[in-house]
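1. Please find the sequence and the predicted model below.
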Amino acid sequence: MKKPLQKSKIPSNKVFVIKELRESYLDKYWHSHEEYQLNVILKGRGTRYIGDHMKPFKEGDLVLTGPNLPHVWRSDNAYFVPENGLDTHDIVIYFPESFLGKDALEKEEFEEIGKLLAKADRGLEITGHTNRTVTKMMKELVHRKGGASIIGLLEILEVLAHSTELAPITHIDYKSNYTAHEKDKISEILEYVLKNFKEKITLKDVASLANMSESAFSRYFKTRVNKSFSDFLGDVRISNARKLLHDEDLNISQVCYESGFPTLSNFNKQFKDRIGKTPLNYKKEYMEPF
């Protein structure tokens, strides 16, 4: 059994915590914590899974998540092989709702920040000019101390609160109701799938991993993850295919089999159903110059 995944991020003598992390790979375990988290990826690639939403991440990925929203930025498998010489770099800020003091968000001066934090319950992806501005501010905040650091955090939240370049991540009906034990179980399943998605994975395989019957596991997984296991596995494979279509000089057939799809026709259908266009059109649009 892995360590409990309910994490406390802020020491009792701190108002908030900012960390600049340089590691071989990002934390691979599905987890949650009581604090808000603002995270920017400066180097590294992989799959981001927040609540019931999955997407590839790369340099520039900037996200605000609310308290107890399960998440993981899982580096690509290549990062776990030391011989590849890959590493990651990110900046992360953790802060509690009470970092301004009790009931502060109910005051008029903090009304817009309060609205921002309420939206963060679904997770917020930050793009465009706001992304570039806040990333720069986070890099500067790493070096601030004392009261200047709190002012810097407020300045960041003020920028976010008045931006139109924020998009919710989870579906509107998503609810996180995991116990600590269930997070551990889902984390184990998630890690297994992300490590082995190129191979054939059956419902029997993952049900056995969870020590459940196939029917019981199907019901359990759908109520906790908000989608069927087959849809989840398809999302993992499509996420990998999108990365390969962006970054690799591979033809569509190679992307198909490198992402775990059994046939090209199955790949084309699943990709179009989820993304709204064929893999070939997706690749062409991405490669077209602006």
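-> Noted; the coordinates are in hand.
2. In contact with I50, which residues are there?
-> Shown in contact with I50 (C-beta atoms under 8 Å, 6 or more residues apart in numbering): 63, 65, 69-71, 123, 169-170. Placement of C-beta: from N, CA and C, glycine included.
3. Do you have the strands of the stretch 51-200 of the chain handy? List them.
-> Here the stretch 51-200 of the chain has its strands, by DSSP state E, counting those that start in this stretch, at 53-57, 62-65, 71-75, 88-95, 124-126, 166-168.
4. how close does the residue nearest to the spatial centre of the chain get to W73?
-> Residue closest to the mean C-alpha point of the chain, counted by C-alpha atoms, centre = their mean, is R48 at 3.2 Å. Computed with C-beta to C-beta, to the nearest Å, the distance linking R48 and W73 is 5 Å.
5. Max pairwise distance over the contacts of I50: which two?
-> V63 and P70 (13.2 Å; C-beta to C-beta).
6. Between those two, point out the one with more neighbours.
-> P70 (25 against 22; other C-beta atoms under 10 Å).
7. I'd assumed Y36 was in contact with V17.
-> No. Using C-beta atoms under 8 Å, V17 is not in contact with Y36, being 11.2 Å away.
8. Next, the residue nearest to the centre of the chain: secondary structure please.
-> strand (DSSP: H, G, I helix; E, B strand; the rest coil).
9. Roughly how far does it sit from R224?
-> R48 is 19 Å from R224, by C-beta to C-beta.
10. circling back: determine which of the strands of the stretch 51-200 of the chain approaches V159 most closely.
-> Per C-beta to C-beta, nearest to V159 of the strands of the stretch 51-200 of the chain: strand 124-126, 9.5 Å.
11. pLDDT on that closest one, on average?
-> Taken as a whole, strand 124-126 has a mean pLDDT of 98.
12. hmm, who's touching that strand?
-> The contact list for strand 124-126, computed with C-beta under 8 Å, 6+ apart, reads 61-65, 116, 134, 160, 163, 165-169.
13. mind running it again at 6 Å?
-> 62-64, 166-167, 169 (C-beta atoms under 6 Å, 6 or more residues apart in numbering).
14. And stretch 194-206, by the same measure?
-> 74, 189, 214, 236-237, 260.
15. Check those residues against L105 and report the nearest one.
-> Of the contacts of stretch 194-206, the one sitting nearest to L105 (C-beta to C-beta) turns out to be R74, at 32.1 Å.
16. so that closest one makes contact with R48?
-> No. Using C-beta atoms under 6 Å, R74 makes no contact with R48, being 7.7 Å away.
17. Stretch 65-83 spans what distance, first to last residue?
-> Start to finish, the residues bounding stretch 65-83 are 33 Å apart (C-alpha to C-alpha, to the nearest Å).
18. from the middle of its chain, how far away would that stretch be?
-> Relative to its chain's centre, stretch 65-83 lies at 7 Å (C-alpha atoms, centre = their mean, to the nearest Å).
19. do the same with stretch 165-176
-> 12 Å.
20. Could you pull up the mean pLDDT of that stretch?
-> 88.
21. returning to what we had before: got a ChimeraX select line for the buried ones in the contacts of strand 124-126?
-> Provided next is the ChimeraX selection string for whichever of the contacts of strand 124-126 are buried by 16 or more other C-beta atoms under 10 Å:
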select :62,63,64,166,169
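22. possible to save the contacts of strand 124-126 as CSV with distance to D247?
-> Below are these laid out as CSV (distance: C-beta to C-beta, whole Å):
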residue, distance to D247
L62, 20
V63, 20
L64, 26
L166, 26
A167, 23
I169, 22
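23. Now the residue nearest to the centre of the chain: closest residue in space that isn't a chain neighbour?
-> Spatial nearest neighbour of R48, excluding adjacent residues (C-beta to C-beta, 6 or more residues apart in numbering): F57 at 4.2 Å.
24. gap between the one you found and T133?
-> 20 Å.
25. more crowded one of the two?
-> F57 (25 against 16).
26. who's more crowded, V17 and Y36?
-> The residue with more neighbours, out of V17 and Y36, is Y36; 23 against 14, by other C-beta under 10 Å.
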